[in-house]
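# using only what follows, build the 3D model:
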Amino acid sequence: MFSKSVVEPRRSPRVKRPFDVTRSSDGGRTFRRVLPVDLSAGGVGFVAEADAPADFEVSLRLERKTIKARAQKISSTLGTVHGKVVWRIGARFTSVSTGDQEMIERFIHSVPLDVADDMRVALRMLRRWPDEADRLLPRSVVNRLLAELVKLARLSPLDATAAPLVHLHYTGSLRRHEGELHGVKIESRVVSDGKIVDFQTQMFFDEALIKIEAIPLDDGRTTSEQEPADVSVQWRWDWRRKVRESLHLAAPLTG
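Below you'll find the predicted structure:
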């Protein structure tokens, strides 16, 4: 099953790690091997003996994982390799499953694919990129944290058709008598009856998710949907929403 991808290849980092690519022009019935050039969260570049159609399917072999996606040709350049006429193709992904998209993201950021849900791997990376907690934390962890916010009425009920209005920032770890806890500061939003309420919550959790603690940092900042919003605040929310949608976090978030 595929879900729509909106990640723009030009805005995504490209990597040239070893990987394999095959493409299909007959709806996935047959695939032909092509020469990979580079890969990003939004698309793939490769060299082929023949030009590609406007739309086609690709199969990516990333380490031991096979990823399939629908793609759209955005560029094709005729050239030669060792005296042989070939085409350099640039394509953007148009449909890819949520799980496969996460595998691509992990591959281009050099996160081991076989431990996609390994909390320790995510936490090591978060020490370098604390503002990427939305993307780096395993989905199961994010799901549990957001579910707690919904229970506290500090986040609108999750909707499978829309990305939740949240931003997560890793705040580090601390030791208590019950063991090590990890902290995440979450900005969340509730929209109800024409009112918008923004919240900030500090959450702590252990690696096994046995203990989850939520500490409200405010009582909520309320504005009306009709009144002019603070431009900087609204821009930040719009930007976060677009980023989350581009990373396919609009999938159902159920525990």
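
# what ranges do the strands span in the protein?
Assigned by DSSP state E, the chain shows strands spanning 20-24, 32-39, 43-48, 55-62, 65-81, 84-96, 166-176, 179-192, 195-205, 212-216, 221-224.

# who are the contact partners of the residue lying closest to Leu217 once chain neighbours are set aside?
The shortest distance from Leu217 to any residue other than its chain neighbours is 4.2 Å, reached at Gln200 (CB to CB, 6 or more residues apart in numbering). (C-beta placed from N, C-alpha, C; glycine too.) Taking CB atoms under 8 Å, 6 or more residues apart in numbering as the criterion, Gln200 is in contact with Lys185, Ile186, Glu187, Ser188, Pro216, Leu217, Asp218.

# closest to Phe205 out of those residues?
Ranked by distance to Phe205 (CB to CB), the contacts of Gln200 are led by Ile186 at 11.4 Å.

# of the contacts of Gln200, buried ones?
Among those, those scoring as buried are Lys185, Ile186, Glu187, Ser188 (criterion: 16 or more other CB atoms under 10 Å).

# is it possible to get a markdown table of the contacts of Gln200 that adds distance to Asp55?
Formatted as a markdown table, these follow (distance: CB to CB, whole Å):
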| residue | distance to Asp55 |
| --- | --- |
| Lys185 | 42 |
| Ile186 | 39 |
| Glu187 | 38 |
| Ser188 | 38 |
| Pro216 | 48 |
| Leu217 | 47 |
| Asp218 | 48 |
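
# dump these to JSON lines, plus distance to Glu102 and pLDDT.
As requested, the contacts of Gln200 are exported to JSON lines (distance: CB to CB, whole Å; pLDDT from 0 to 100):
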{"residue": "Lys185", "distance to Glu102": "23", "pLDDT": "97"}
{"residue": "Ile186", "distance to Glu102": "20", "pLDDT": "96"}
{"residue": "Glu187", "distance to Glu102": "22", "pLDDT": "95"}
{"residue": "Ser188", "distance to Glu102": "22", "pLDDT": "95"}
{"residue": "Pro216", "distance to Glu102": "30", "pLDDT": "96"}
{"residue": "Leu217", "distance to Glu102": "29", "pLDDT": "96"}
{"residue": "Asp218", "distance to Glu102": "32", "pLDDT": "94"}
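
# closest one of these to Arg106?
Using CB to CB, Ile186 comes nearest to Arg106 of those, at 22.4 Å.

# from Pro164, how far off is that closest one?
Applying CB to CB, to the nearest Å, the value for Ile186 to Pro164 is 10 Å.

# stretch 126-137: how far from the chain's middle?
12 Å (CA atoms, centre = their mean, to the nearest Å).

# scratch that, stretch 76-86 is what I was asking about
Worked out by CA atoms, centre = their mean, stretch 76-86 lies 35 Å from the chain centre.

# doesn't Asp55 make contact with Gly27?
No: using CB atoms under 8 Å, Gly27 is not in contact with Asp55, being 10.1 Å away.
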